[in-house]
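**Student:** got a structure for you, letters missing:
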């Protein structure tokens, strides 16, 4: 047979394209990948939106505080003025949440994302000051009763390592001396006498902005007991924060992130 004559033998012909079975397999694989990817993407998007909202609220908080310091207006008054134009300033919640100034914690609450977990705990402390600190009561149980839950204690993470448990203590048994800290001692959460920290929050602005977190050497003791030589819990806390003032961190969602 001449070379230029096409063959009619089906075994010798090469048909292009995919078969129906192959197309169905590809469609099924794509469907599975999409089903896996969408929830992951949605969860990451939600976390990114919450982180953006927190960052924007921090920026607005900084403007509120600095403006109030330079005027004779209260922080609430300044907040209301800025809130009117916060969209123009870029202080927005990606989910369209409205913001409210919380006097007790001097913080901004979002209707969509609420308070940060540290702000919420501090707010609870302020309203239950007789139950925290060096009380013999179990902080975890008190918190669970307040939140009407039985199996959840505020847990955060540190670069994917062991979970950290938020706790609170006072160096003068007053809400003005209360501070939050994060500890790896999960088995001892709420137990009296277990005062070790990986992160400490300067709730009272001893060395800078109120609410700023600082990373301290793992397992740092924060007993903060006044001594007979005049050293107070407040002075020891201030000394600890000063020694770690360059290790600023923010608690974004449930993760500690180095401050930029």
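**Tutor:** That came through, no problem. Computed from a predicted structure; not experimentally measured. Numbering: from 1, shown residues only.
**Student:** Which parts of the stretch 51-200 of the chain are helices?
**Tutor:** 75-84, 86-89, 117-127, 139-147 (DSSP state H, counting those that start in this stretch).
**Student:** Determine which of those approaches residue 50 most closely.
**Tutor:** helix 117-127 (11.2 Å; CB to CB). Backbone N, C-alpha and C define where each C-beta goes, glycine included.
**Student:** Any buried residues in that closest one, and which?
**Tutor:** Buried residues in helix 117-127, defined by neighbour count with 16 or more other CB atoms under 10 Å: 117, 118, 119, 120, 121, 122, 123, 124, 125, 126.
**Student:** How about stretch 21-37?
**Tutor:** Buried, per 16+ other CB under 10 Å, within stretch 21-37: nothing.
**Student:** do stretch 64-80 as well
**Tutor:** 64, 65, 67, 68, 75, 78, 79.
**Student:** where in the stretch 101-250 of the chain is pLDDT low?
**Tutor:** 104, 126-143, 146-152, 159-161, 172-175, 185-194 (pLDDT under 70).
**Student:** 90 instead?
**Tutor:** 102-107, 112-197, 203-205, 208-211, 218-236, 250 (pLDDT under 90).
**Student:** what's the closest non-adjacent residue to residue 244?
**Tutor:** residue 214 (4.6 Å; CB to CB, 6 or more residues apart in numbering).
**Student:** partner residues bridging residue 200?
**Tutor:** Per DSSP bridges, the residues bridged to residue 200 are residue 181, residue 214.
**Student:** Am I right that residue 251 sits in a strand?
**Tutor:** Yes. Membership of residue 251 in a strand is supported by DSSP: H, G, I helix; E, B strand; the rest coil.
**Student:** The residue nearest to residue 244 and residue 156, how far apart?
**Tutor:** Distance of residue 214 to residue 156, given as CB to CB, to the nearest Å: 15 Å.
**Student:** So for the two, which residue has more residues nearby?
**Tutor:** Neighbours of residue 214 and residue 156, each counted by other CB atoms under 10 Å, are more numerous for residue 214; the result is 23 against 19.
**Student:** show me the contacts for the more buried one.
**Tutor:** For residue 214, the contact set (CB atoms under 8 Å, 6 or more residues apart in numbering) comprises 199, 200, 201, 202, 241, 244, 245, 247, 248, 249.
**Student:** Mind putting those residues into TSV with distance to residue 22 and neighbour count?
**Tutor:** Listed next are these as TSV, based on distance: CB to CB, whole Å; neighbours: other CB atoms under 10 Å:
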residue	distance to residue 22	neighbour count
199	55	24
200	61	24
201	59	25
202	63	22
241	65	20
244	61	18
245	63	13
247	57	16
248	56	16
249	52	20
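**Student:** Tell me the one of those nearest residue 180?
**Tutor:** For the contacts of residue 214, the nearest to residue 180 is residue 201 (4.1 Å; CB to CB).
**Student:** Residue 55: which of the helices of the stretch 51-200 of the chain is closest?
**Tutor:** helix 86-89 (13.4 Å).
**Student:** Output the contacting helices and strands for the closest one.
**Tutor:** Identification of packing neighbours for helix 86-89 by 3 or more CB pairs under 8 Å, 6 or more residues apart in numbering; DSSP states H and E yields helix 20-69.
**Student:** All good on my end, thank you.
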